[in-house]
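S.K.: all I have is the shape, not the residue letters:
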């Protein structure tokens, strides 16, 4: 057991840092600093820069374009990208459907889809949840009926993140209405431009358009778009959920978040006129947060070490999901608490473009409330934290 | 960076575990405790001769195996699982820490007799008024020719009844809570003027109140520099805290497995109570608490060897905050999920809970350590 970085690791860190400083687009960094919303082009441009370096799919096997990094190198990569707050690649391609395709797909499917995911030219979205199927995902009702060489899809998907930007989607559909619920499901890829697919925005509590309803009406999809066997889609779905959970800890990003809280609390005043960071109650909250984050960090490192020893991401990664999302939520909560009165003003659509009036409140206060509102989602999505506990109870504890 | 145990460390673990399975069953432990002893000479002899574990963390020149903090962690995890009451913390971890970090001339000789099982030191650091402030020391040592003359009262000295020596923190100068003026002495327990009151502790072990009445201690028994020993003491207590956390993880591991087995077997409302989701989620949270504690203990074990005192102490204190909270959560919920049976003396779970409750506060609980962490992480408010 040791925590030393080898000379190779330190050289790797220097290489990563130099690359990021050189290559991360200044205009995107400026937009992020100003709290502006980022578009499809911003994400894909950064993805393509990474792809040209060969670093876009760090979690993939080398034969499909992965980097072959050690867990320590991946850890360094996470730290360094978080340090500059680099955009995170949209996970639906690189972390979800990509691994599904190289694990379960046909040679044709691999050849057709993996390059676009790797190179950042194709945007994917995830058609899992339905209005009546959230945590009980296997109760889904969207149908795919075989007609010759095609499936005809009918139904409604919801909470489909960034579907407004998507080129392709992966959908769980019921292909055998008579089978027991997990057994009649198939995993089907669809071009989002196919006739009969309609994407409608859902506006969230922070005012943002992040998720959508996706309506499927007589959508005709070739049979070769089905990944893995017919009616075996649940196997694929479970595999994907495990991959979705790994990396969800977000340790490096959360460390950055804690640093930000320290900065804000070093600027804001407490009731006694001293700095907020010296106010015992607030300081205690930061200290507890830091300690919990350290515990998460070392739990993730142990888990990575296990993966390196040949164990894939197992059900214990549910711990990382639960603790990681709780910490993300506490960070935004502390930011909102720290900014005091200036958590209240609502800036979406205000001030109007071209309005040069004096800004309202400090910069760091502007996104505090929307972020706090928005990250409530993290303990709900990707299998709610209650479902994660069910997974640990069943898969790890054997209850 | 790696989190693996070496082959030798894994062998050490397997050997200790297998010895304890064969010789330290819950029933035999309880029989010994009922007879009033927290220490079995035969067990200690086996530790020294059959297993050789008393030397695991000592250098080869001292007759040991050349290990250190990680070897102590491995031993203590297994001790926690079997609720070992013998005082490895004081005799090996504390004494070994003082020998390693002080440069004391008598260190090699003491180490050799610890490894052979002949010397069993106990660590006398607490005082009735001092709480967890290791600098709050009234016990005095005044130089008189070739000796120090020690007077004072040390509180709740773990392993005191069976100790051969006492490692005592004393004041050789300064005021009651000054950082300066603190020294460490090795005192032969048989020395004239050492008076002990021995008693059992609630976890089945034993301890002593130790009174020093004009005890003459040879000046060569001074461990570390006179008057400047506080950093040394803090370093050793940081190492002790790591070892205690390892023991805590062993204790919690058993609390969790006992609870799981019990709830699978206990039926109410026509089904095993382990099938109720509210209990499943509780047990998941107990499991997560343990995993987070293991992670923090490993982190602290790797950082406690740092020469940067602030980094070392911050790591240990952050870990102890986590482990102390986990001991409360896991311990209390283990009893709760056992229902009335958890309240009985008959069930092992209650004994693990008692040890967990003392480990939570040993060397300072979550409040002590979060204040220490804050001072190191933010500076003084």
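M.R.: Cool, got the structure. Note that the structure is a prediction, hence the values are computed from the model and not measured.
S.K.: residues of the stretch 51-200 of chain A that sit close to chain B?
M.R.: A:72, A:75 (C-beta under 8 Å from any C-beta of the partner chain). Glycine gets a C-beta too; all of them are placed from N, C-alpha and C.
S.K.: tell me the contacts of residue B:79?
M.R.: Going by C-beta atoms under 8 Å, 6 or more residues apart in numbering or on different chains, residue B:79 touches B:16, B:20, B:88, B:247, B:250.
S.K.: what's the local residue count around the last one?
M.R.: Using other C-beta atoms under 10 Å in any protein chain shown, residue B:250 has 23 other residues around it.
S.K.: any idea which element it lies in?
M.R.: Element membership of residue B:250, judged by DSSP states H and E, is helix B:230-265.
S.K.: re the thing from before, JSON lines for the contacts of residue B:79, including distance to chain A and pLDDT?
M.R.: Listed next are the contacts of residue B:79 as JSON lines, based on distance: C-beta to the nearest C-beta, whole Å; pLDDT from 0 to 100:
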{"residue": "B:16", "distance to chain A": "18", "pLDDT": "98"}
{"residue": "B:20", "distance to chain A": "23", "pLDDT": "98"}
{"residue": "B:88", "distance to chain A": "20", "pLDDT": "98"}
{"residue": "B:247", "distance to chain A": "18", "pLDDT": "98"}
{"residue": "B:250", "distance to chain A": "17", "pLDDT": "98"}
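S.K.: give the ChimeraX command for selecting the buried subset of those.
M.R.: Here is the ChimeraX command that picks out the buried ones among the contacts of residue B:79, judged by 16 or more other C-beta atoms under 10 Å in any protein chain shown:
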select /B:16,20,88,247,250
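S.K.: of the contacts of residue B:79, closest to residue A:340?
M.R.: Nearest to residue A:340, judged by C-beta to C-beta, of the contacts of residue B:79 is residue B:247 at 44.4 Å.
S.K.: show me the contacts for that closest one.
M.R.: Going by C-beta under 8 Å, 6+ apart, residue B:247 touches B:76-77, B:79-80, B:89, B:359.
S.K.: rerun that using 7 Å as the cut-off
M.R.: With contact taken as C-beta atoms under 7 Å, 6 or more residues apart in numbering or on different chains, residue B:247 is in contact with B:76-77, B:79-80, B:359.
S.K.: how much space between it and residue B:342?
M.R.: Using C-beta to C-beta, to the nearest Å, we find residue B:247 at a distance of 21 Å from residue B:342.
S.K.: in terms of pLDDT, where does residue B:380 sit?
M.R.: On pLDDT, residue B:380 comes in at 64.
S.K.: ah, wrong one, I meant residue B:34
M.R.: Value for residue B:34, per-residue pLDDT: 88.
S.K.: that one: how many residues sit nearby?
M.R.: 9.
S.K.: and the gap between it and chain A?
M.R.: Remark: distance between residue B:34 and chain A (C-beta to the nearest C-beta, to the nearest Å) = 34 Å.
S.K.: next one: residue B:197
M.R.: 38 Å.
S.K.: that residue reaches residue B:207, doesn't it?
M.R.: No. Residue B:197 is beyond contact range of residue B:207, at 9.6 Å (criterion: C-beta atoms under 7 Å).
S.K.: what's the domain layout of the chain?
M.R.: Let's take chain A. A:7-89, A:123-231, A:246-396 (automatic domain parsing).
S.K.: that answer is for a different chain, and I need it for chain B
M.R.: Taken from automatic domain parsing, chain B resolves into B:7-119, B:122-223, B:230-378.
S.K.: which one of these lies closest to residue A:305?
M.R.: domain B:230-378 (10.1 Å).
S.K.: and that closest one, how far out from the chain middle?
M.R.: On the basis of C-alpha atoms, centre = their mean, to the nearest Å, domain B:230-378 sits 14 Å off its chain's mean C-alpha point.
S.K.: can you check stretch B:17-27 too?
M.R.: Distance, centroid of stretch B:17-27 to centroid of chain: 20 Å (C-alpha atoms, centre = their mean).
S.K.: next: stretch B:148-165.
M.R.: Distance of stretch B:148-165 from the chain centroid (C-alpha atoms, centre = their mean) equals 16 Å.
S.K.: show me what contacts residue B:135?
M.R.: Residues in contact with residue B:135 (C-beta under 7 Å, 6+ apart) are B:177-179, B:182, B:230.
S.K.: the same query, at a cut-off of 6 Å, please.
M.R.: The contact partners of residue B:135, by C-beta atoms under 6 Å, 6 or more residues apart in numbering or on different chains, come to B:177, B:179, B:230.
S.K.: returning to that earlier point: ok, the contacts of residue B:79 vs residue B:186, which is closest?
M.R.: Closest approach to residue B:186 among those (C-beta to C-beta): residue B:88, at 18.2 Å.
S.K.: same list (the domains of chain B) but as CSV, adding distance to residue A:363.
M.R.: As requested, these are exported to CSV (distance: least, C-beta to C-beta, whole Å):
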stretch, distance to residue A:363
domain B:7-119, 46
domain B:122-223, 42
domain B:230-378, 24
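S.K.: so what strands line up beside the helix or strand encompassing residue B:214?
M.R.: Using DSSP H and E, residue B:214 maps to strand B:206-218. Applying DSSP bridges, strand B:206-218 is found paired with strand B:147-158 (antiparallel), strand B:194-200 (antiparallel).
S.K.: for that strand, which positions count as buried?
M.R.: Within strand B:206-218, the residues that count as buried by 16+ other C-beta under 10 Å are B:206-212, B:215, B:217.
S.K.: list the contacts of residue B:223.
M.R.: Counted by C-beta under 6 Å, 6+ apart, residue B:223 has contacts B:98, B:102, B:104, B:184.
S.K.: partners of it in the sheet?
M.R.: Residue B:223 has these beta-bridge partners by DSSP bridges: residue B:184.
S.K.: ok, it to residue B:212 distance?
M.R.: Applying C-beta to C-beta, the value for residue B:223 to residue B:212 is 16 Å.
S.K.: just checking, what's the longest strand in chain A?
M.R.: strand A:209-222 (DSSP state E).
S.K.: and for the closest residue to chain B within the stretch 51-200 of chain A, nearest residue in space, chain neighbours not counted?
M.R.: Going by C-beta to the nearest C-beta, chain B is nearest to residue A:72 of the stretch 51-200 of chain A, at 4.9 Å. Once flanking residues are discounted, residue A:72 sits nearest to residue B:1: 4.9 Å by C-beta to C-beta, 6 or more residues apart in numbering or on different chains.
S.K.: what segments of the stretch 101-250 of chain A are helices?
M.R.: A:107-119, A:233-245 (DSSP state H, counting those that start in this stretch).
S.K.: follow-up on the earlier one: so how far is the strand holding residue B:214 off the chain centroid?
M.R.: With C-alpha atoms, centre = their mean as the basis, strand B:206-218 stands 21 Å off its chain's centre.
S.K.: what mean pLDDT does that strand have?
M.R.: Rounded mean pLDDT across strand B:206-218 is 98.
S.K.: which stretches of the stretch 51-200 of chain B form helices?
M.R.: Along the stretch 51-200 of chain B, counting by DSSP H, counting those that start in this stretch, helices occupy B:69-82, B:88, B:95-102, B:107-115.
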